[in-house]
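Chemist: pasting the sequence and the predicted model now:
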Number of protein chains: 2
Amino acid sequence: VRPWTSLILPEILELLERDSPTEVRTAVEDLLAPDLAEIAEHLPDPAAAKLLTSLDVKIAADALAELPEHRQSEVIEALGRERLGKIVEEMSPDDRADLVKRLPDDTRQAVLPLLAQAERNDVKKLIAFPEGTAGSLMTTDYASLAGDLRVDQALAKLREVAPDSETIYYAYVTDGERRLRGVASLRDIVIALPRKTLQEIMREHPVAVHADDDQEAVAEAFRKYDLTTLPVLDREERLVGIITVDDVLDVIEEEHTEDVQQFGAVVPLEEPYMDTGFGRMVRKRASWLVVLFVGEMLTTNVLAHQEKAFEAVASLVIFIPLIVSSGGNSGSQTATLITRALAMGEIAPTDALKIISREVLIGLSLGAILGLVGLIRAGLGGYAGISHVVGLALVLIVISGTVIGAAIPLALKRLGLDPAVSSAPLIASLVDVIGIFVYFKVAKLMLGI
Amino acid sequence: VRPWTSLILPEILELLERDSPTEVRTAVEDLLAPDLAEIAEHLPDPAAAKLLTSLDVKIAADALAELPEHRQSEVIEALGRERLGKIVEEMSPDDRADLVKRLPDDTRQAVLPLLAQAERNDVKKLIAFPEGTAGSLMTTDYASLAGDLRVDQALAKLREVAPDSETIYYAYVTDGERRLRGVASLRDIVIALPRKTLQEIMREHPVAVHADDDQEAVAEAFRKYDLTTLPVLDREERLVGIITVDDVLDVIEEEHTEDVQQFGAVVPLEEPYMDTGFGRMVRKRASWLVVLFVGEMLTTNVLAHQEKAFEAVASLVIFIPLIVSSGGNSGSQTATLITRALAMGEIAPTDALKIISREVLIGLSLGAILGLVGLIRAGLGGYAGISHVVGLALVLIVISGTVIGAAIPLALKRLGLDPAVSSAPLIASLVDVIGIFVYFKVAKLMLGI
């Protein structure tokens, strides 16, 4: 898709510069809002604003909503007041709230008065929910109907609200206090006899979340129950909004990026790689590298006490990086597996004993394999005098790696923390320190130095 | 959700053992299929089979489809032939095909004859698509209508197929050769004047994929275009199925797990942590560890040539792990960022020059920070004689880390390979080797040894 939009980019830019809105409109007629957003993203601000002005206002609203965050505010500055008001008015409530939330204060003060009173209140309500909660993902355009409505009346009602609702495929049945009583899908409604009431055909106890629930719980509910929309309740169990699956797909990607970065020892960037400024990028990476560096400094303390040992047997030095990194690798490998299995709910901290005993045996097997290779390497490479030290140290160090790599994520989870905060390199550093200690301990015992 | 199902588990097990199907049915009346699957997963095979036999056949079919793969075949073996036939007949075509595909050959030969001819052919067609393609995700229960149908006729038709279709919210308009001409949503149909034809109200050029497209392209289409269903075409552009968003959520999770494991140096497990057998687990982890070990052996070769240097200045040895791991950490951190940005389409291999020059400067900044800390550490720790060596080596090694960490994923992508095959530990090992080389080069030059 990407190469294809870049092909028509020059043509559209030319039409925009010639100021011929009708021709622009014809040229992009068949394109969907996400394609238009991709084009606008790669146009200079004034051209992007012109493009949004040439389009039908509904499409323009969708395209603006799909623009990357940092481009939104730039393009908005270039749009005329009147046009901006119309576009923002046309956006769906969740997109509108997201947009307003990200605007710099002065632009926000300029945009809000362009909205009707009802919409302004709606925006204010939605932007109050903190990022990462179910409330911050929800929209307020949904069909909420009374239970005593007949099926044919319900159908007429849905038809009436259809142009403005995010979805008409689910009718949420609420009581006088706006408490959620059940859900009827449009499919159920279409199949049912027209004289039945919603109450009779609705599904009771629908899956729902609370507005202050974490967005991970939202994603989990969609995944488990195969939903396309999910109702959101306030603390008094009143229906306050719905979440649609398209927003959940974005959340899942976002959480994935955050997990990967955190586990790879980067403070999550929040913005795409290229859009993250130099200073910000250095700060986000330096903080973790410094922590790892300080942790790894312990290796110098351990080694400083071994000077006599490696002065006696200099060849011990040659295997330091090999041995140390084997422990680190087995530790970060195990941490990857355990952290992911915890995230997927495949294991729980209550299984810790079982998991750790299993990892001892796995570490023993893996250590035996690496130990054997190491023993052979040292023996054949002219270091036969220490080959047994290398072999045994590897077995012990790989076991430390698997055990620590399993224990730390499990312990963090037990403490109610996100196991991913430990990061693979952090676990590797910890195992490095232990590795050096074990290596020289084994050397001293076996070589009698 | 999990703790809640485990609470009612003993009660249900008792009812099942007392052989009282009606009581079982009442006890689980309010539960949804995914909850029932969660319960069945934790029951012994005969009890799980009994549970599926007590349930309404439609719910039983959905619950069986939601069971983890390895439990499906076990529970099937425990189900009676007749009941099994009814349940499989009731499953949606994609779930049915997935189930049959995973069955051992003899069970498959027993199940297929239980299906009607049409369904048997459908299963055979669907299981022919290789795992990971759009075809393997699609279902064949969808509404395909002729374009000259009037809106009121279309509505009647959708109502008629509603009980059997995966979704009735999209009507796919096809011509005489079953080629896809457009899509009309039930919302469009409900809003339109009854006398209009589908042709007049449908959206032309709908987003679609081909059956042999990769599942990542499917996920990307859903994400970009905010879809809930996606039509699938064969090579002659004929409509052959649709993919629904719930199956895409599962695919995204699966791909995420695979990415994380691969990047953490594990051959993807394919099964949950606890269900992966001991031998299999050791093999999947040993292969990567051995590769990394052999790569890391190069450090011994480099060090073997430096014996004179560290015999002359023994304190050089003390900083080996610290210096080596700093390069490895900066390399794996950069690789994490670049691999993820490539996966998200934020950057492309054509930006390589720009990215690598940026990473040189970032490496310089990060290296300067670590170098300064290292210099102070060495100076204060009684190694003032080599503190300048430690400082300068750190700067150069961190730069190597950021450059290699960026260059390898970019190069792999350029070659058409998955950047994630390089794995963070592999890049770290490579940088380790370079790190030792650089460290001793700097030491020799600065100390004149």
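Modeler: Yes, it's here.
Chemist: so where do the strands sit in the stretch 201-350 of chain A?
Modeler: Using DSSP state E, counting those that start in this stretch, the strands of the stretch 201-350 of chain A run over A:203-204, A:209-210, A:229-233, A:239-244.
Chemist: please list the residues outside the strand or helix carrying A:T26 that contact it.
Modeler: Here A:T26 sits within helix A:21-27, counting by DSSP states H and E. With contacts defined as C-beta atoms under 8 Å, 6 or more residues apart in numbering or on different chains, helix A:21-27 is touched by A:I8, A:E11, A:I12, A:L15, A:L16, A:K50, A:L51, A:T53, A:S54, A:L55, A:D56. (Each C-beta comes from the backbone N, C-alpha and C, glycine too.)
Chemist: thinking A:T167 is in contact with A:V245, fair?
Modeler: No: counting by C-beta atoms under 8 Å, A:T167 does not reach A:V245; the two are 9.7 Å apart.
Chemist: overlap of the contact sets of those two?
Modeler: Counting by C-beta under 8 Å, 6+ apart, the residues touching both A:T167 and A:V245 are A:T228, A:T229.
Chemist: check contacts around the residue most central in space within chain A.
Modeler: In chain A, the residue lying closest to the centroid (C-alpha atoms, centre = their mean) is A:E255, at 1.0 Å. A:E255 is in contact with A:Q215, A:E216, A:A219, counting by C-beta under 8 Å, 6+ apart.
Chemist: quick check: pLDDT value at it.
Modeler: We note a pLDDT of 87 for A:E255 in this prediction.
Chemist: same thing with A:V1?
Modeler: The model's pLDDT for A:V1 equals 38.
Chemist: go on, A:R108?
Modeler: Looking at A:R108, its pLDDT is 86.
Chemist: what number of residues lie near it?
Modeler: A:R108: 16 surrounding residues under other C-beta atoms under 10 Å in any protein chain shown.
Chemist: so it sits in a helix?
Modeler: Yes: per DSSP: H, G, I helix; E, B strand; the rest coil, A:R108 lies within a helix segment.
Chemist: next, work out how far apart it and chain B are.
Modeler: Going from A:R108 to chain B by C-beta to the nearest C-beta, to the nearest Å gives 25 Å.
Chemist: list the contacts for that residue?
Modeler: Residues near A:R108 by C-beta under 8 Å, 6+ apart: A:V100.
Chemist: ok, back up a step: any of the contacts of helix A:21-27 buried? List them.
Modeler: Using 16 or more other C-beta atoms under 10 Å in any protein chain shown as the burial test, the contacts of helix A:21-27 include A:I12, A:L15, A:L16, A:K50, A:L51, A:T53, A:S54, A:L55 as buried.
Chemist: so the fourth one sits against A:L16, correct?
Modeler: Yes: applying C-beta under 8 Å, one finds A:K50 in contact with A:L16, separated by 4.9 Å.
Chemist: show me which positions of stretch A:49-69 end up buried.
Modeler: Using 16+ other C-beta under 10 Å as the test for burial, stretch A:49-69 gives A:49-55, A:59-67.
Chemist: inside helices: which ones of those residues?
Modeler: A:49-54, A:59-66 (DSSP state H).
Chemist: in the stretch 1-150 of chain A, which spans are helices?
Modeler: A:2-17, A:21-27, A:33-41, A:45-54, A:57-66, A:69-78, A:81-90, A:93-102, A:105-111, A:117-127 (DSSP state H, counting those that start in this stretch).
Chemist: before we move on, what about the stretch 201-350 of chain A?
Modeler: For the stretch 201-350 of chain A, the helices defined by DSSP H, counting those that start in this stretch occupy A:215-225, A:245-263, A:278-296, A:298-304, A:307-312, A:315-318, A:320-343.
Chemist: next up, phi/psi of A:L180, please.
Modeler: A:L180 adopts backbone torsions of phi -70, psi 120, taken as degrees, to the nearest 10.
Chemist: wait, what's in contact with it?
Modeler: Here A:L180 is in contact with A:Y172, A:V173, A:T174, A:P206, A:A208, A:P231, A:L233, A:E237, A:R238, A:L239 (C-beta under 8 Å, 6+ apart).
Chemist: re earlier: check the helices of the stretch 201-350 of chain A for me and report the most buried one.
Modeler: For the helices of the stretch 201-350 of chain A, average neighbour numbers computed from mean count of other C-beta atoms under 10 Å in any protein chain shown are highest in helix A:320-343, which has a mean of 28.
Chemist: now the helix or strand just after it against helix B:278-296, angle please.
Modeler: Counting by DSSP H and E, the next helix or strand C-terminal to helix A:320-343 is helix A:352-380. If you take axes from the mean of the first three to the mean of the last three C-alpha atoms, to 10 degrees, helix A:352-380 sits at 40 degrees to helix B:278-296.
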